[in-house]
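J.: Fold the following for me, if possible:
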Amino acid sequence: MRDYLLKATACNGEVRAYAIHSTATVEEARRRQDTWATASAALGRTITITAMLGAMLKDDAKLTVKLEGNGPIGAVIADANAKGEVRGYIIHPHVDFESNAQGKLDVRRAVGTEGTLSVVKDLGLKTNFTGQVPIVSGEVSEDFTYYLATSEQVPSAVGAGVLVNPDHSILAAGGFILQMMPGASEETIAKIEQQIATIPPVSKMIQDGKTPEEILALLIGESESVKVLEELPVTFSCPCSKERLSAAITSLGNEEIDAMIEEDHGATANCHFCNETYTFTIDELKALKSS
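T.: From the prediction side, this is the model:
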């Protein structure tokens, strides 16, 4: 199944809903970051939720998420835009543990239970919007739920899951965000809470072939009340290029470029997100100097 996300409303507009299939996108991030299983789950959950947060934006707006706990993976960074493009990386990709007591990948142990979750939104204004909350569990989904309720003051239910094959490739990844709109009835809230408590984990639903449409129907409990507003393709996308890095090197000034030439006899740059490496020869560096 291709990766895509849905934006929808439900329950006569009382609920705003998002659901995503992100298996290929998370696998691309895993491949580029060479993550081990538990690190893959932490990175994949973060990328999946970040893609849905990006879908809440408009036009050319974008956002960056940083989940930084006291666990061994260090920080997880992801960014996304309103077009379904997302990317992410993890500081320490080679982290894995035995399954936890529930038989699942121990993401809490990898992330840590102390630290911060921050979201920076670039809306094209003079200043960016920044929200930051403490990590409440390290399970990622619960941390984003707390962020939305506390920083953005929108009662939400967030779920994201990643299943990993024995060879560390991604078997299934996906997620959802349900948000209660102002005026949502207690009956609607209670019904959705009951549905969330009774359905399978979202990663299992993805593994079983459930589409985002079917996941939303299960979450809401009545498919006829779900009104799809938009469908977006989801892809791992990194805008880095040698041209962009050339511009960055030029901005350093001739003195810094001369140091690269004389001390390093060239330059090599690596993109944290996609792990592409760009090499500049002495002649290429000389050509970047301003006259």
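J.: hey, let's count contacts and neighbours off CA atoms from now on
T.: Fine.
J.: quick one: the strands in the stretch 151-291 of the chain?
T.: Assigned by DSSP state E, counting those that start in this stretch, the stretch 151-291 of the chain shows strands spanning 156-164, 170-180, 227-233, 235-236, 267-270, 277-280.
J.: looking at those strands, which has the lowest confidence?
T.: Mean pLDDT per stretch puts strand 267-270 lowest among those, at a mean of 90.
J.: Show me which positions of it end up buried.
T.: Buried residues in strand 267-270, counted by 16 or more other Cα atoms under 10 Å: Ala267.
J.: who does that strand pair up with?
T.: Note on strand 267-270: by DSSP bridges, its sheet partners are strand 277-280 (antiparallel).
J.: Give me the distance from the strand it pairs with to the chain's centre.
T.: Centre-to-centre, strand 277-280 and its host chain are 27 Å apart (Cα atoms, centre = their mean, to the nearest Å).
J.: Please apply the same query to stretch 257-277.
T.: The answer for stretch 257-277 is 28 Å, by Cα atoms, centre = their mean.
J.: How about stretch 147-157?
T.: 17 Å.
J.: outside of that stretch, which residues touch it?
T.: Identification of contacts with stretch 147-157 by Cα atoms under 8 Å, 6 or more residues apart in numbering yields 117, 131-133, 145, 176-181.
J.: what do you get for stretch 277-285?
T.: By Cα under 8 Å, 6+ apart, stretch 277-285 touches 242, 257, 261, 265-271.
J.: mind giving me JSON lines with the residues you listed and columns for distance to Ser169?
T.: JSON lines is the format used below for the contacts of stretch 277-285 (distance: Cα to Cα, whole Å):
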{"residue": "Lys242", "distance to Ser169": "29"}
{"residue": "Ile257", "distance to Ser169": "40"}
{"residue": "Ile261", "distance to Ser169": "40"}
{"residue": "His265", "distance to Ser169": "38"}
{"residue": "Gly266", "distance to Ser169": "36"}
{"residue": "Ala267", "distance to Ser169": "33"}
{"residue": "Thr268", "distance to Ser169": "29"}
{"residue": "Ala269", "distance to Ser169": "27"}
{"residue": "Asn270", "distance to Ser169": "23"}
{"residue": "Cys271", "distance to Ser169": "22"}
